[in-house]
Structures are given as structure tokens and as C-alpha cells.
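In: Need coordinates for the following:
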Amino acid sequence: HFVLGEHIDELLRVLYMTFVLSMGIFVADDPAYHIGFFSSYCLLRIVSVIMYARILMIPRAKSHALYHIVLHVIIIVILVSLIAYRYSGCVLDYFAIYLSLFVIEYGSGVLQWTISGAFCPVHDDEKKGKSVA
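Out: Numbers count the residues shown, from 1 in each chain. Next up is the predicted model:
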């Protein structure tokens, strides 16, 4: 994990949590609330892209950041498409859409963890320095 401690990083964390909270505010069975939820989720992913763009400046984290930026841009495109289309399904439709996006995000995280373990193995000399006892 990379800890960025500048003021802009604190602002990004506040914005991230603000959009998480606004997603919770827009949970209701009304098309306007559904669009509000998707808009908040889209803004959340935009903040995530900005956070990972800041990580791009760290050489050893570049591939990790690029992976997440591409993933979040794909999700943003899906959300913008749904917002522009003014999709108006029932609550279960929105639940299925959000669940699908969650599964994509979670699955991609597991995939990245698996791939990074295969392509970036930890050498025995690195493990020795990190023993716990």
C-alpha cells in the first residue's frame, strides 16, 4: 500500500467518502434516485481514477495503478451509458446492475492479486526480511 500524505490526498479521501455516503442517500424506488445513485457511483470511480493517477508517479506501482485506472474507466463508461440512456427499470434491475459491477470489481481485484503473484514472485531473500516473530 502506498500512503500519500499531501493535502490533495486528504481532499480526495473526503470526496471518496462523500460519494459513498451520497450513494446511500440515493437508495429509493424512484427513477430520479436511480440516476442519482449511478451519478454518485460514477463520481466515486472518477475520484478513484484520480487517486490511482497520483500513484502512477511511483515507479514500482505504475502497473498496479494502470490496471485500476483501466478498470475504473470501463466502469465509468458503463455508468455514463446508463445515465445517458436514462434507464428506468425496477429496483431489482438496479440491484442486478450494481451487483454485476461489484462482481466485476471484486473479480478483477482477485485476478490482479493472482496475476501479480504469478508475474511478480517474492524471492526467498525478500521473505527473510519480513518474518514475524
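In: what helix or strand is I83 on?
Out: In this assignment (DSSP states H and E), I83 forms part of helix 62-85.
In: From L12, how far off is the closest residue to V73 other than its chain neighbours?
Out: Closest residue in space to V73, ignoring its immediate chain neighbours: V49 at 6.6 Å, by CB to CB, 6 or more residues apart in numbering. Backbone N, C-alpha and C define where each C-beta goes, glycine included. For V49, the distance to L12 equals 11 Å [CB to CB, to the nearest Å].
In: quick one, what contacts Q112?
Out: 64, 67 (CB atoms under 8 Å, 6 or more residues apart in numbering).
In: any idea which element it lies in?
Out: helix 91-119.
In: buried set for that helix?
Out: Residues 94, 97-98, 101, 108 are the ones in helix 91-119 that count as buried (16 or more other CB atoms under 10 Å).
In: Next: stretch 10-21.
Out: For stretch 10-21, by 16+ other CB under 10 Å, it's 12, 15-16, 19.
In: which regions of the protein sit below the pLDDT cut-off?
Out: 1-3, 116-133 (pLDDT under 70).
In: can you rerun that using 50?
Out: Low-confidence segments of the chain, defined by pLDDT under 50: 131-133.
In: which residues sit in contact with M23?
Out: 37, 40-41, 44.
In: Could you identify which of those has the most neighbours?
Out: Y41 (24 neighbours; other CB atoms under 10 Å).
In: how near is it to I97?
Out: Counting by CB to CB, the gap from Y41 to I97 is 10 Å.
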